[in-house]
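Q: what shape does this take:
(chains A, B and C)
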Amino acid sequence: MTDRPWLPYALVAPSVLFLAVLFLLPLVQTIWLSFSGGTGLGLEHYRRMVTDLNFASAMRNTFLLTLAVVPVQVAFALLLATMVQKLERARDLVLWVWTIPLAVSDLAAGLAWLAILQSSGYLNSLLFGLGVIPAQTSWLSYETPFALFAGIAVAEIWRATAIVLVILVAGLQLIPKEYGEAAEIFGASPWMRFRKVTLPLLKPSLQTALILRTVLAFEVFAVVYALGGRNFPVLVGEAYTWQRDNQNYNVAAAYAVLIMVMSLAATAAYLRAFRVKPDQLS
Amino acid sequence: MAEIVIDRITKDFGTQRALDQVSLTVADGEFVALLGPSGCGKTTLLRILAGLERASAGRVVIGGRDLTGLPPRERGLAMVFQSYAVFPHMTVADNIAFGLTMQRKPREVIDRHVRRAASLLHIEPFLERHPMQLSGGQRQRVAVARALAVEPAVLLMDEPLSNLDALLRLEMRSELKTVLREVGTTTIYVTHDQTEAMGLADRIAVMHGGGIEQIGPPLQVYASPATRFVGGFIGSPP
Amino acid sequence: MTTSMPSARRLLFWSGVVASCAWVLLPVYLVALGAFGGREAVFRWPKSIWPTDVSFQAMLAFLQIEGVFKAFANSLIAAGLTVLFSVLLGAPAGYALARYSFAGKNPYRLLVLLTRAFPLAILALPLTVSFIRMGLYDTPLGVSLIHTVLALPFAALVTQSLFLGIPREYEEAAWVFGCTQRQAFLKIVLPLALPGIAATAIFAFVISWNEVFAASILTVRERTLTAYLLTVLSESPLHYRFAGGFLLIVPSVLFIFAVRKYLFAVWGIGSK
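A: Sure thing, here's the model as predicted:
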């Protein structure tokens, strides 16, 4: 039945058209918006963005958050993934529980942790009940920036570890257990087996997970908004404010381009760092 | 009349020639086995007969009808696939009835044919079951029943027994022989197993490298190999 | 059973598993508590971890607030449209990717993967202007179009592996026994693919239901639930926020539970 060579193209065309109009086009438009001003193309919006009061803290906050959260999540997910490998009957149930955060909107996750971290929240109730604090303590306020940061970081770790977990579990499954068994026979301890056999073979999955998670971390928004409001500026939050409140589409676009460039740079960096030599594969 | 005339069929996959000017005539009611190692082109030839591949050159004529260019459904053939390809979401009965259902035959005609095919293959007890509840051997029978139910002009079989274990294969081989003899349909049977070919076929076409090295009744091919290849392939020479 | 571990290790292992499960479930439980605890429970201090005054009152009151029910409906419409578009656009593409090799196959896969590398929701910014011009601004339809960009790559690649899992020989058998290509697809492939397509649809639904940024940018009066909650975050009473959070979480979690086996298979996690 090879008499309709145009068929695959016809099947694919609608989605290509759709993505061209609703992805490629806006992408180009965003870049153009960020550069176009009253006097033709220029950097005035970028200048405006950079000199804004909140810019420096937004940059710093986004970076610090990413730096704090991503390694913790990867380590945690690695631990959970190896634990899942060892389960047998309970495996599907446990895996489902651990991936529940994937189904949860980042806004809902922010609200959940708000319930815990707010002044009259569950954390304070616990600490008060244990006698650690005398009365309600505020963790999320403007005056307690470190606590606010920690709270947001914890909420993010809760929310997004599942993403890394899923990628790593899939990657672990691909490693034939004969490798580990062979290492065991040769006297390697579990930790050594992990370092020398599992970890190297997990490199492709780690690379994917790191790229995905880092790019998503640059885009953090709703969790921060729920927990900190405008006390904790982040890049996407600033873009949102510039667009909605200030009605300045151009500066918002500049923020968008900035995040895009950061994501591409991070992706390139990870690809370079995790370059898997072909002769190392199986 | 279901005489098959394969007239100088050539098939190229890109720069690779899978079949080179293959010609073969099969008489009505005859059972011809295409025998050869993997890569010799036997399955490709079968698929061209079925209409699943298009020949680069040459013609296929069945019962006086030139089939070249016709889609599979218009060729009046039936096929048993190596993996059986029995539809998992239908009952055994619906599977066997499939070809007739597509032809929009009346209900009673379909039922009659289904029952007959099922009894030929001894699978009446399974008619209301689903293929996934059956063993591999039973599924294979469903595939054969499905092909026989449409009473095709020509029956094509692509290594139908190769997925069965050795004991079952022997059992099915003799059963197939009985059933096909009773039905009398022109059959083309692809296999790489020479004992199978020897046991089932009226004539064996030994294929190699895209061409037919020798064709003749089993004993003739065995006793008087025409080429070195045939001699080395059939039987176990010292 | 993990019989290969000494019992002290086993205890540690299982406490780790249980603790991690609790870690995941606790915040969800607390949102539910907050949603059904009523006004008093929310402002009670210190908070009890057990469900004291359970009342559906708060939830009902929340649902009756002007705007909430409409937001809920808008989210439903947007998510439903997203499912429709991503399946209608993605499934044929997935079929083509699975069954054919054609020039442009790899560039297509690249394009699809590329959409993941960019801050997608941010593309909502320039689309605001285009949407205003086209009358799509502030409509669930407009929101669903952006959400489809998010869900489409997933739909295409997942349906690709779905169709790859349905042997070509089923279609060939159907052709031999009397079907045209379209009939074979409708009678044989589609019924077998339906569970997987349903799972894809559900995941597309969840993606749309949960999305915050684009929905907030693109709506003003016809807000989706996420946009609504975001904008009234600072103003609304606490227990209403939890009710909203609960409404956000529940459908997604239930849906994902329903199709978990399928999603695991798709992510490459086999079941034991």
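
Q: make it CA atoms for all contacts and neighbour counts henceforth
A: Will do.

Q: quick check: phi and psi at residue A:144.
A: The phi and psi values for residue A:144, taken as degrees, to the nearest 10, are phi -120, psi 70.

Q: what count of nearby residues applies to the closest residue in space to it that isn't next to it in sequence?
A: Take residue A:144 and drop its neighbours on the chain: the residue closest to it by CA to CA, 6 or more residues apart in numbering or on different chains is residue A:138, 7.7 Å away. Burial measure for residue A:138: 17 neighbouring residues, criterion other CA atoms under 10 Å in any protein chain shown.

Q: residues in contact with residue A:138?
A: The contact partners of residue A:138, taken as CA atoms under 8 Å, 6 or more residues apart in numbering or on different chains, are A:118-119, A:144.

Q: wait, residue C:226 touches residue A:107, no?
A: Yes: in this structure, residue C:226 is within contact of residue A:107 by CA atoms under 8 Å, at 7.2 Å.

Q: what about those two, which has more around it?
A: Summary of the neighbour comparison: residue C:226 and residue A:107, criterion other CA under 10 Å, with residue C:226 having more neighbours (29 against 26).

Q: now do the contacts for the more buried one.
A: The contact partners of residue C:226, by CA under 8 Å, 6+ apart, come to A:107, C:75, C:209-212, C:215-216, C:248.

Q: least confident secondary structure element in the chain?
A: Unless you meant another one, I'm taking chain A. Sorting the helices and strands of chain A by mean pLDDT, DSSP states H and E puts strand A:40-41 at the bottom, at a mean of 75.

Q: try again with chain C
A: Lowest-scoring helix/strand for chain C, mean pLDDT, DSSP H and E: helix C:38-43, at a mean of 63.

Q: what about the longest helix seen in chain B, average pLDDT?
A: If each helix of chain B is counted by residues according to DSSP state H, the longest one is helix B:166-183. Along helix B:166-183, the predicted local confidence has a mean pLDDT of 89.

Q: quick revisit: can you turn the buried part of the contacts of residue A:138 into a PyMOL selection?
A: Selection of buried members from the contacts of residue A:138 for PyMOL, criterion 16 or more other CA atoms under 10 Å in any protein chain shown:
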select buried, chain A and resi 118+119
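
Q: would you list the contacts of residue A:138 in TSV and tack on pLDDT?
A: What follows is the contacts of residue A:138, written out as TSV (pLDDT from 0 to 100):
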residue	pLDDT
A:118	80
A:119	76
A:144	80
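
Q: let me know the closest of the contacts of residue A:138 to residue C:27.
A: Ranking the contacts of residue A:138 by separation from residue C:27, with CA to CA as the measure, puts residue A:118 on top at 13.0 Å.

Q: skipping adjacent residues, who's closest to the spatially most central residue of chain C in space?
A: Centroid-nearest residue in chain C: residue C:206, 1.5 Å away (criterion: CA atoms, centre = their mean). By the measure of CA to CA, 6+ apart, the closest residue to residue C:206 outside its immediate chain neighbours is residue C:252, 5.5 Å from it.

Q: just residue A:274 next, same as before
A: By the measure of CA to CA, 6+ apart, the closest residue to residue A:274 outside its immediate chain neighbours is residue A:207, 6.2 Å from it.

Q: wait, the one you found sits on residue A:271?
A: Yes: Residue A:207 sits in contact with residue A:271 when judged by CA under 8 Å, with a separation of 7.2 Å.

Q: so for the two, which residue has more residues nearby?
A: Neighbour count, other CA under 10 Å: between residue A:207 and residue A:271, residue A:207 has more, with 20 against 16.

Q: can you tell me how far that one is from residue A:228?
A: 31 Å (CA to CA, to the nearest Å).

Q: next: residue C:132.
A: Counting by CA to CA, the gap from residue C:132 to residue A:228 is 31 Å.

Q: so these two - more neighbours on which side?
A: For residue C:132 and residue A:228, the more surrounded residue by other CA under 10 Å is residue A:228, and the numbers stand at 22 against 13.

Q: please verify my assumption that the more buried one contacts residue A:148.
A: Yes: counting by CA under 8 Å, a contact exists between residue A:228 and residue A:148, whose distance comes to 7.0 Å.

Q: show me chain B divided up by domain.
A: Split into domains by automatic domain parsing, chain B comes to B:1-41+B:49-76+B:154-238, B:88-151.

Q: mean pLDDT for the ones you listed: which is lowest?
A: Looking over the domains of chain B, mean pLDDT reaches its minimum on domain B:1-41+B:49-76+B:154-238, with a mean of 89.

Q: element containing residue 178, please.
A: This is for chain A. When elements are defined using DSSP states H and E, residue A:178 is found to belong to helix A:177-185.

Q: please go with chain C instead
A: With elements delineated by DSSP H and E, residue C:178 resides in a region that no helix or strand encompasses.

Q: just the pLDDT for it.
A: The score at residue C:178 is 93. That number is its pLDDT.

Q: can you check the one 10 residues further on too?
A: According to the per-residue confidence, residue C:188 scores 94 in pLDDT.

Q: run through the residues that contact it.
A: Shown in contact with residue C:188 (CA under 8 Å, 6+ apart): B:87, C:170-171, C:174.

Q: restricted to helices, list those residues.
A: Per DSSP H, the subset of the contacts of residue C:188 in helices is C:170-171, C:174.

Q: done for today, thanks.
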